[in-house]
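# using only what follows, build the 3D model:
(one chain, ligands or ions: 1)
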Amino acid sequence: SIERQLGGARYVLKSPKTLPNASGFLWNQNMLIQANCRGFALAQFMQPDAGKYVSGPAFEAKTFMQPEQPYYANHPGRFVYVKDNADGSIFSAPYEPVRANLDRFEFIPEPHQISWISEFNQIRLTLILRLPTETALECWQISVEDLSGQVRDLSVYPYFPIGYRSWMNQSGKFEAALNAVVCRSIEPYQKVQDYFKNQSLHELTFLAADVPADAWETSQSMFEGEGGLHNPSAIQQNVLNNSVANYATPTAVMQFKTKLKPNEVKQIHLLFGPAKDLAQISTYKAQFLTQGQAQFNNRAEEFKAYLSLGKGVLQIETPDSDLNAYVNHWLARQLYYHGDVNRLTTDPQTRNYLQDNMGMAYIKPEVSREAFILALSQQHVSGEMPDGILIQEGAELKYINQVPHTDHCVWLPVCLKAYLDETGDYELLEEVVGYADSEEQSIVSEHITRAMLWLEQSRDERGLSYINQGDWCDPMNMVGYKGKGVSAWLSLASAYAMNVWIDIQRTVDPNLSEPLQFLVKQSVQINQKVNQHCWVDDRFARGITDDGRVFGIAQDDEGKIFLNSQSWALLSGAADASQTPLMLQAIKQNLDTPYGCMMLAPCFTNMVEDIGRVTQKFPGTAENGSVYNHASAFYAYSLFVQGESDLAFEQLKKMLPTDEDIHVKGQLPLFIPNYYRGAYYQFPDEAGKSSQLFNTGTISWFYRCLVEQVFGVAGCKQGLNIAPKLPSHWSHAKIQREFRGAIFNIEYHRSNDCSQQLVYLDGELLKGTCIQNIKPGNTYQVVVKLPI
Ligand code: CEZ
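Modelled structure (predicted):
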């Protein structure tokens, strides 16, 4: 029931029941929408903070995009009812709310649009959703087609529920001059200052059509009547009631009476979204709705043009068709989404901002450059980085960014390394940038050295890093809230970050300055201290609590092993040759599942008051022992660096749904989700299920692993370094790699006639592994021979 078309550029899901939560997502500069195969949808737009323009029937929390969103009958969605006026039979597209037994169903997510085909009773309804590239607005095309060869007399009713918007003031009515249902609400508030703040909000939600509506309904309860969503009373009537919703839950429904000649197709175009006032709706209509299909098609062309600016630097042809499909059509897109609109927040978490921009180095490096500078301009003179980066005027640190986390400095050199490799832009290190809390200015290098020194100092008497109320693991908030607890992971990550920074600095000048020489010693010392205090039996513990309890060890009841401590010990050099196999064995035994490695195990089933909120999450979800792909990506990266390439590749592959496990994961391979359910041994029934959430730091690391490790085409200061780590079962592969303005067509072959890697550049054997003197605009042919 799932078909991959165009090499993976298109998927067709042929039943609304096999993967009921499968979804696609579209975004632009001001909005984001995730729509699932059955018609349910979640959308956000910027005003300037992320807000919603429709709600569920109950009041909702407002934080970030949630994993595993539960859908229910009244959940926001975009639906179209169709009634055959001759016999009164009804169905709805795509599938909800009527859930009729359709003769044909197709959910077709593509990079630039999402569409659905539903057939019932010899009527075909095709819905297509597109977005403009800037405006927070949904553009819909509804096509109704007769398949019976008879004259048909139909009523078509788009039903776009608006939901419970406000306990202060909400209403809905049809504005004839606009041919639109317009619903109004007032954002509930109590503080007088919020009245002034709320002036920027777009408090109208409208549905406008290019075909005059014959009738409409704006009250949810009038629409449903006694029939309910499966068979709404309003639709059982000949014409809708044209009611007004005065302080009642509003909805947007229109009726279009349509006579079709045999095999005729008719189209209706709709705009749906938030607006400030009626004038704006009329501007939108002029801009997006007056020329019917031609204008609708422009949306596709524009969106494709937008996506092509984010196409990345890698196209692949490998023996693995699942990997090819994802990498060639979806990976860069998911990365571009993160890097271009920063997950639609105004204060991205610093670690997310830096890692998303690490990925952006492969897409639009000039954007990464600006992002690093902006982040550093918000650094404190002490070297400390803030919890979030304010990327818009007037933005403030909200939600999780008001909780002090201690890892943000780590990401500076780690992410910068990928950027420097990709661009060779070492001038960035010389840029002068200010600080948040002083008039002082210094060059980027000095900023980062200070960040490293801050990490060095933020350690206790044992030499381990304070965790405060969290590190990379957001909800690990009670290990160190009394000011004493330490994080083994952060200690290791600090040592690794220092090492990366020292290497970068050595490339610039082999004679290290005094602070850098100091850091060389300290990173060695940190590794020693972690070994001394946190190595227990066959693993590195996760930390030591405020009261001195070492946790994340076999002696614990739950949370006996944490993946991140092991991965980063491999990266930092803390693990020696005798420890590594022990750790890998412990991971295999405790954490490995068919869907990837769990982040910790066994998952916590009870609150642990000296670890914190993470232990309250449901076992197997998110940080409490899911297969948290971001952590799996760290693990994969650390394995590549260790030379465990096959095991590393396996981690990457498990992130993608394949024919074997797509029904367990419940998601199409259009994006890598932030997690798959873990708790493999504790809750086996749910294990493997996708969170359906496409916001994740995984993507940048996945891309980096492919470029730098699998295909071994990372840049260095002098040029392009060829050092592939192809999975051993691949005998060949082909890629196209764009790099510093040139194109490299690279073929890899395993062959009997070589005992070590041989690189041929335009037919000539290359001395060493680095291709130098690259001329932008040139195309190079490269053959890489690898031993079997
Ligand atoms: O968010 C992510 C963060 O955006 O969790 C990661 C962290 O490194 C990322 O920066 C691991 O903790 O508050 C919470 O409980 C959660 O931790 C969320 O913030 C979490 C969600 O999974 C959203 O992606």
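
# residues from this structure in reach of the ligand?
64, 349, 351-352, 400, 472-475, 622-623, 674, 695 (C-beta under 6 Å from any ligand atom). Backbone N, C-alpha and C define where each C-beta goes, glycine included.

# what about these, which are in helices?
Among those, the ones falling in helices (DSSP state H) are 351-352.

# would you turn the residues of the chain next to the ligand into a markdown table with pLDDT?
Formatted as a markdown table, those follow (pLDDT from 0 to 100):
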| residue | pLDDT |
| --- | --- |
| Phe64 | 76 |
| Gln349 | 98 |
| Arg351 | 98 |
| Asn352 | 98 |
| Ile400 | 95 |
| Trp472 | 98 |
| Cys473 | 98 |
| Asp474 | 97 |
| Pro475 | 98 |
| Ala622 | 98 |
| Glu623 | 98 |
| Asn674 | 98 |
| Asn695 | 97 |
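
# most surrounded residue in the residues of the chain next to the ligand?
Cys473 (28 neighbours; other C-beta atoms under 10 Å).

# count of residues packed around Lys767?
Neighbours of Lys767 using other C-beta under 10 Å come to 7.

# check what pLDDT it gets.
Note on Lys767: pLDDT of 96.

# from Val784, how far off is it?
14 Å (C-beta to C-beta, to the nearest Å).

# again with Ala418
Taking C-beta to C-beta, one finds Ala418 at 22 Å from Val784.

# next one: Glu514
42 Å.

# neighbour count winner among these two?
Just comparing Glu514 and Val784: by other C-beta under 10 Å the higher neighbour count belongs to Val784, 25 against 7.

# list the buried residues in whatever helix or strand that one lives in.
Val784 is part of strand 779-786, with elements assigned from DSSP states H and E. Residues of strand 779-786 classed as buried under the neighbour-count rule (16 or more other C-beta atoms under 10 Å) are 780, 782-786.

# any stretches of the stretch 51-200 of the chain with poor pLDDT?
59-63 (pLDDT under 70).

# what segments of it are strands?
79-84, 90-93, 104-110, 113-120, 123-130, 138-146, 152-161, 170-175, 180-185 (DSSP state E, counting those that start in this stretch).

# now the ones you listed in JSON lines, with mean neighbour count?
Putting these into JSON lines (neighbours: other C-beta atoms under 10 Å) gives the following:
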{"stretch": "strand 79-84", "mean neighbour count": "23"}
{"stretch": "strand 90-93", "mean neighbour count": "24"}
{"stretch": "strand 104-110", "mean neighbour count": "22"}
{"stretch": "strand 113-120", "mean neighbour count": "22"}
{"stretch": "strand 123-130", "mean neighbour count": "21"}
{"stretch": "strand 138-146", "mean neighbour count": "21"}
{"stretch": "strand 152-161", "mean neighbour count": "22"}
{"stretch": "strand 170-175", "mean neighbour count": "21"}
{"stretch": "strand 180-185", "mean neighbour count": "24"}
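
# ok, which of those strands comes nearest Val12?
strand 104-110 (5.2 Å; C-beta to C-beta).

# Cys415 is in contact with Tyr353, isn't it?
No - the criterion here is C-beta atoms under 8 Å, and Cys415 misses it with Tyr353 at 9.3 Å.

# isn't Ser565 right next to Arg542, touching?
Yes - assessed by C-beta under 8 Å, Ser565 is found in contact with Arg542 at 5.3 Å.

# span of stretch 25-37 from start to end?
End-to-end distance for stretch 25-37, by C-alpha to C-alpha, to the nearest Å: 11 Å.

# and that stretch, what's buried?
Applying 16+ other C-beta under 10 Å to stretch 25-37 flags 25-28, 30-37 as buried.

# cool, and stretch 582-590?
Within stretch 582-590, judged by 16+ other C-beta under 10 Å, the buried ones are 583-584, 586-587, 590.

# closest one of these to Gly612?
Asn590 (21.4 Å).

# any idea how far the closest one is from Lys259?
66 Å.

# how about His729?
60 Å.

# check Gly394 too.
Distance from Gly394 to Lys259, by C-beta to C-beta: 53 Å.

# also Ser691?
From Ser691 to Lys259 the distance is 46 Å (C-beta to C-beta).
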